[in-house]
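A.B. asks: Starting from these lines, generate the structure:
(chains A, B and C)
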Amino acid sequence: MAIITLTSDIGRQDYLPGAIKGRLLRINPAFQLVDITHELPPFNYPQAAYVCRNAIRNFPEGSYHIVLVNLFDAPPRHILLALHHQQYIACADNGLLTMILEEKPEEVVAIPVPQGIPPHTLHLTDVIGNAIAQLNSGAALEDIGDPRVNIVEKLPIRPVSGNNFLEGQIIFIDHFENVVVNITRPQFEAARQGRSFKIVFKRDEVIDRISHTYADVPESEKLALFNASDYLEIAINKGNAAGLFGLQGFSEQAGNTAYLQNRLFYQTVRIYFE
Amino acid sequence: MAIITLTSDIGRQDYLPGAIKGRLLRINPAFQLVDITHELPPFNYPQAAYVCRNAIRNFPEGSYHIVLVNLFDAPPRHILLALHHQQYIACADNGLLTMILEEKPEEVVAIPVPQGIPPHTLHLTDVIGNAIAQLNSGAALEDIGDPRVNIVEKLPIRPVSGNNFLEGQIIFIDHFENVVVNITRPQFEAARQGRSFKIVFKRDEVIDRISHTYADVPESEKLALFNASDYLEIAINKGNAAGLFGLQGFSEQAGNTAYLQNRLFYQTVRIYFE
Amino acid sequence: MAIITLTSDIGRQDYLPGAIKGRLLRINPAFQLVDITHELPPFNYPQAAYVCRNAIRNFPEGSYHIVLVNLFDAPPRHILLALHHQQYIACADNGLLTMILEEKPEEVVAIPVPQGIPPHTLHLTDVIGNAIAQLNSGAALEDIGDPRVNIVEKLPIRPVSGNNFLEGQIIFIDHFENVVVNITRPQFEAARQGRSFKIVFKRDEVIDRISHTYADVPESEKLALFNASDYLEIAINKGNAAGLFGLQGFSEQAGNTAYLQNRLFYQTVRIYFE
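C.D. replies: Have a look, this model is predicted:
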């Protein structure tokens, strides 16, 4: 039966994640619902994109992924439904889709949202759930939505590069306070071109090798590795890197104020090649 | 197969939500278990009622809803099992049921709890799970419990109204710090009778219109709307209303101390009609 | 179909719990996945063991339990897969297994982890998922792993006992701030031998009876009872014992620093018999 994942920034104390599941099971009680998370931080597209991208690509082909993030950025006239690398993704037309995929979707259609009623999360859930039911019954994307849609595109935050450096942003801090940077192993190797390197953060902390696993260094020592999704991670073996080094996740909102911009230094990590 | 939702104040770090699922799957491995939340704040009936009420009513008819909140308010002699608007609800006989339903249940029976053993959550889970298994096999409520039970009734917290005003309590603050007030759209329209209005909170903050969606106002501006469950919500477009305005959720325990009562002013929202 | 539970210290904001579910559903979309918790505190074996032990034993016989805790304590060469009391448990060979079971597993084999690729959580998930698929198709443990493995054993933290006392450690503080101590009812009765007793904590707080349920004492009064898993619990009826008495959970890391060791007094509870 259809596997449907749910990702949102609604939080776990709200009735809405439960109500959303109820609405989907009303459409088809055999839908197989899987929570990714409902605790994305509000309005943090980079983190939402990181979490969705790396969860989605591990599911069986033909799974459906409902991403409920910043639904009301603008009054919603339609919902996007995309097919990309054999995964279906439903989300608002707010730019997040291209940030998740890091490219344009292979196929995408606009599913109209009924107007004249308040555009609530549960109405949008019904629109998405009914579209999934149709796809699951054999309909094609073009049968249920408009492929001529001109979708809002936001670029994923990419590392900044120069001749001898690569600068990444912190996009996630995990439960262990390991710090995830938006530099993937292929990006690193492409910029490095076989040179030796220094990973520098918080002004003067330096790491000059890539570990395979946390236990490659003694307890309480810092290390860098590429994580299960091939992103650069700064960690301390059995310690808390973010807290210790005062590192913070990149936040879109941070750019809004001069105060926070002054702290942005510690939201980036630089790799120097030599 | 039977859809069973779980709602509790047990918290997500505990073994009990897992153990409860295990016990239910022992009774029938085909039970389809759906978490609503296990993070209701302890002893906060108004929020528990709000969350349960608005999750439950979105499920397919004939779903079962297990509500494990304040099970040990008194030593439990029986568990209530109600049928209301085609939803089955199991909960302790502690007054919460009428707060969830906002009225008496259409049908309710008392399922006896075996005495002489300590009345633990997992024993109560077995009692409820076995009752659901019987209902699911075609038994009627009267076959498995005593319909003559005189249930404990607590009244839902209702808005206070006068000729020219309606005063509501804050019953939930969501992940975005939007503030939910126990005034529904029908209650608002009935009191308003076509008059113009001012929503006043925190002494002197005023909103005089109802928005359809957050994006109806510029970013960082305050607004009021009716949410997906038709409750009044005070929000800031892409901001955090609760934090900014110093608003707090209503807590039953708050009434216990003079100190907290002094802060109750900010736990209510008033609408003046003119 | 196979019931598979998931327990980890990954946290709820990460993409990994979702990605793990995706990988398992790729192996078999009919796997029935049940979250226990993903919010075990990092590196806290006593709490992880308490949560796993008491969740696992409530599941139907033949269930599979994947425990992803401190996977990278050492570079993983194999994963342990045990069968104990008719429950299958997969976890890293880091000592946690014997802490969960409180004894050696009845049967255990080592499932080899492919070397030469970075040992990530998702690779280990594949190893475990494939092993479960084989067991579920009728294979025996010996068919899929090496039974000659010499597993790492860590002893569960046990109460300290003398002629006239029993001293336990706080292993869990629940959502209500009830305090769970690693003294079970059988251990208590064996040490007590019918004598009267005083439970003493935080220097001079004393409880001299065991309650059956919270409501046995007036609101805001302290009590002791044995919880749903038969562990000693210190609580306040409708209050927060941990906060009020300044009690903290036992942490393995706490032993690392003199500062924290000075606070260990309040992480234990003593029972005197007389």
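A.B. asks: who's in contact with A:P17?
C.D. replies: Under the criterion of C-beta atoms under 8 Å, 6 or more residues apart in numbering or on different chains, the contact list for A:P17 reads A:6, A:8, A:10, A:35, A:38, B:36-37. Placement of C-beta: from N, CA and C, glycine included.
A.B. asks: correct me, but A:P147 touches A:I111?
C.D. replies: No - using C-beta atoms under 8 Å, A:P147 makes no contact with A:I111, being 11.2 Å away.
A.B. asks: Centre of the chain to stretch A:77-87, how far?
C.D. replies: Its chain's C-alpha centre lies 15 Å from the corresponding centre of stretch A:77-87 when counted by C-alpha atoms, centre = their mean, to the nearest Å.
A.B. asks: For the residue of the stretch 51-200 of chain A found nearest chain C, give me its contacts.
C.D. replies: Ranking the residues of the stretch 51-200 of chain A by distance to chain C (C-beta to the nearest C-beta) places A:H175 first, at 2.9 Å. Applying C-beta under 8 Å, 6+ apart to A:H175 gives the contacts C:9-11, C:13-14, C:39, C:42.
A.B. asks: Repeat that for A:I100.
C.D. replies: The neighbours of A:I100, taking C-beta under 8 Å, 6+ apart as the test, are A:48-49, A:52-53, A:56, A:67, A:89, A:91.
A.B. asks: any idea how far A:T268 is from A:I157?
C.D. replies: According to C-beta to C-beta, to the nearest Å, A:T268 stands 11 Å off from A:I157.
A.B. asks: circling back to that earlier point, mind checking which of A:P147 and A:I111 has more residues around it?
C.D. replies: Counted by other C-beta atoms under 10 Å in any protein chain shown, A:P147 and A:I111 do not tie: A:I111 has more neighbours, with 20 against 11.
A.B. asks: Could I get the full set of strands for the stretch 101-250 of chain A?
C.D. replies: Under the criterion DSSP state E, counting those that start in this stretch, the stretch 101-250 of chain A carries strands at the ranges A:107-112, A:160-161, A:165-173, A:179-184, A:197-201, A:205-207, A:222-226, A:231-236.
A.B. asks: Any chance of JSON lines for these, columns distance to C:G162 and mean pLDDT?
C.D. replies: Compiled in JSON lines, the strands of the stretch 101-250 of chain A are given as follows (distance: least, C-beta to C-beta, whole Å; pLDDT from 0 to 100):
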{"stretch": "strand A:107-112", "distance to C:G162": "71", "mean pLDDT": "97"}
{"stretch": "strand A:160-161", "distance to C:G162": "64", "mean pLDDT": "92"}
{"stretch": "strand A:165-173", "distance to C:G162": "45", "mean pLDDT": "93"}
{"stretch": "strand A:179-184", "distance to C:G162": "47", "mean pLDDT": "95"}
{"stretch": "strand A:197-201", "distance to C:G162": "51", "mean pLDDT": "94"}
{"stretch": "strand A:205-207", "distance to C:G162": "49", "mean pLDDT": "93"}
{"stretch": "strand A:222-226", "distance to C:G162": "44", "mean pLDDT": "95"}
{"stretch": "strand A:231-236", "distance to C:G162": "40", "mean pLDDT": "94"}
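A.B. asks: Correct me if wrong: A:H212 contacts A:L223.
C.D. replies: No - A:H212 lies out of contact with A:L223 (C-beta under 8 Å); the separation is 9.7 Å.
A.B. asks: more neighbours, those two?
C.D. replies: For the pair A:H212 and A:L223, the greater number of neighbours falls to A:L223 (23 against 15), based on other C-beta under 10 Å.
A.B. asks: need the contact list for the more buried one.
C.D. replies: Residues near A:L223 by C-beta under 8 Å, 6+ apart: A:207, A:211, A:214, A:216-217, A:234-237.
A.B. asks: if we take these, which one ends up nearest to chain C?
C.D. replies: A:Y214 (4.5 Å).
A.B. asks: can you count the residues close to that closest one?
C.D. replies: The tally of other residues near A:Y214 (other C-beta under 10 Å) stands at 25.
A.B. asks: For it, which residues are in contact?
C.D. replies: Each residue near A:Y214 by C-beta under 8 Å, 6+ apart is listed here: A:223, A:225, A:235, A:237-238, C:72.
A.B. asks: try 6 Å
C.D. replies: If you count contacts by C-beta atoms under 6 Å, 6 or more residues apart in numbering or on different chains, A:Y214 has them with A:237, C:72.
A.B. asks: Same question for A:Y231.
C.D. replies: Residues touching A:Y231, when contacts are defined by C-beta under 6 Å, 6+ apart, comprise A:180, A:184.
A.B. asks: and it, what are its bridge partners?
C.D. replies: For A:Y231, the beta-bridge partners under DSSP bridges are A:T184.
A.B. asks: For A:L6, grab phi and psi.
C.D. replies: Comment: the main-chain dihedrals of A:L6 come out as phi -120, psi 130, following degrees, to the nearest 10.
A.B. asks: quick one on the thing from earlier: widest-spaced pair of the contacts of A:H175?
C.D. replies: In the contacts of A:H175, two members sit farther apart than any others by C-beta to C-beta. They are C:Q13 and C:P42, at 13.7 Å.
A.B. asks: and chain A, which residues reach chain B?
C.D. replies: Remark: the part of chain A in contact with chain B comprises A:10-15, A:18-19, A:21-23, A:25-26, A:29, A:42-43, A:72, A:74-75, A:118-122, using C-beta under 6 Å from any C-beta of the partner chain.
A.B. asks: out of those residues, which are buried?
C.D. replies: Taking 16 or more other C-beta atoms under 10 Å in any protein chain shown as the criterion, what is buried in these is A:10-15, A:18-19, A:21-23, A:25-26, A:29, A:42-43, A:72, A:118-122.
A.B. asks: Which of those fall within helices?
C.D. replies: When these are checked against helices using DSSP state H, the ones located there are A:18-19, A:21-23, A:25-26, A:121-122.
A.B. asks: Determine which two of those are furthest apart.
C.D. replies: Farthest-apart pair in those is A:L25 and A:T121; separation 16.0 Å (C-beta to C-beta).
A.B. asks: where does the stretch 1-150 of chain A come near chain C, residue by residue?
C.D. replies: For the stretch 1-150 of chain A, the contact set with chain C under C-beta under 6 Å from any C-beta comprises A:34, A:36-37, A:39, A:51, A:54-55, A:58-60.
A.B. asks: Determine the three-state secondary structure at A:L33.
C.D. replies: Using DSSP: H, G, I helix; E, B strand; the rest coil, the structure places A:L33 in strand.
A.B. asks: which residues sit in contact with it?
C.D. replies: A:4, A:21.
A.B. asks: what bridges to it?
C.D. replies: Residues found in beta-bridge contact with A:L33 (criterion: DSSP bridges) are A:I4.
A.B. asks: Tell me how far it lies from A:L25.
C.D. replies: Between A:L33 and A:L25 the computed distance is 7 Å (C-beta to C-beta).
A.B. asks: Next, work out how far apart the residue of the stretch 101-250 of chain A found nearest chain B and C:T121 are.
C.D. replies: For the stretch 101-250 of chain A, the residue positioned closest to chain B under C-beta to the nearest C-beta is A:H120, at a distance of 3.7 Å. Counting by C-beta to C-beta, the separation of A:H120 from C:T121 is 37 Å.
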